[in-house]
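**Q** output the structure for:
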Amino acid sequence: VQLVESGGGSVQTGGSLRLSCAASGYATCMGWFRQAPGKEREGVATLRTGSGSTFYADSVKGRFTISQDNTKATTFLQMNSLKPEDGAMYYCAAKRGLYCGTRAAEFGYWGQGTQVTVS
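**A** From the prediction side, this is the model:
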């Protein structure tokens with residue numbers, strides 16, 4: 001599975017951004033992760049491609065939404081009410097199999113990342 005992210009950028013506190021992840025290949029679970037300098041990679045949201053069920057980290061619940069387009073080739077992360085602590089490199093990830101949580105080690109396919117800065 002090849003993944004290409006886009007949509008990062010700089011935004012003011014309270015603003016919104018939408019990240020996109022174009023995927024080629026089959027995956028049962030898509031996820032968005034983020035990593036700030038000096039911190040561990042954190043799972044933000046995941047989506048089961050079959051059922052559409054989603055999971056969110058507590059830190060983004062109610063503000064972020066993960067979704068897919070009808071072809072399931074693109075996964076989005078809509079980020080609203082952004083805070084400075086949301087600033088990080090955001091990575092799209094994919095995996096096959098039953099697990100669809102936020103443990104980064106479970107994901108075998110990763111994009112190159114897109115930077116999000118909130119000031």
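
**Q** would you agree Glu42 is in contact with Gln35?
**A** Yes: between Glu42 and Gln35 there is a contact at 6.9 Å, judged by C-beta atoms under 8 Å. Every residue, glycine included, has its C-beta placed from N, CA and C.

**Q** quickly list what's touching both of the two.
**A** Residues within reach of Glu42 and of Gln35 at once, by C-beta atoms under 8 Å, 6 or more residues apart in numbering, are Ala88.

**Q** dump stretch 73-92 to PDB, restricted to CA.
**A** Provided in PDB are the C-alpha atoms of stretch 73-92 (Å, rounded to 0.1, in the frame of the first residue of the first chain):
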ATOM      1  CA  ALA A  73      -9.100   5.500  -2.100                       C
ATOM      2  CA  THR A  74      -8.800   8.700  -0.200                       C
ATOM      3  CA  THR A  75      -9.000   9.100   3.600                       C
ATOM      4  CA  PHE A  76      -9.500  12.500   5.100                       C
ATOM      5  CA  LEU A  77      -8.900  14.100   8.500                       C
ATOM      6  CA  GLN A  78     -11.000  17.200   9.100                       C
ATOM      7  CA  MET A  79      -9.500  19.200  11.900                       C
ATOM      8  CA  ASN A  80     -11.500  21.900  13.500                       C
ATOM      9  CA  SER A  81     -11.000  24.200  16.500                       C
ATOM     10  CA  LEU A  82      -7.300  23.600  16.200                       C
ATOM     11  CA  LYS A  83      -5.100  24.300  19.200                       C
ATOM     12  CA  PRO A  84      -1.300  25.000  19.400                       C
ATOM     13  CA  GLU A  85      -0.800  21.500  20.900                       C
ATOM     14  CA  ASP A  86      -2.200  20.000  17.700                       C
ATOM     15  CA  GLY A  87       0.800  21.200  15.800                       C
ATOM     16  CA  ALA A  88       2.900  18.200  14.600                       C
ATOM     17  CA  MET A  89       3.900  16.200  11.600                       C
ATOM     18  CA  TYR A  90       0.800  14.200  10.600                       C
ATOM     19  CA  TYR A  91       1.100  10.800   9.100                       C
ATOM     20  CA  CYS A  92      -1.400   8.600   7.300                       C
END
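
**Q** that one: which residues count as buried?
**A** 74-77, 79, 82, 86-92 (16 or more other C-beta atoms under 10 Å).
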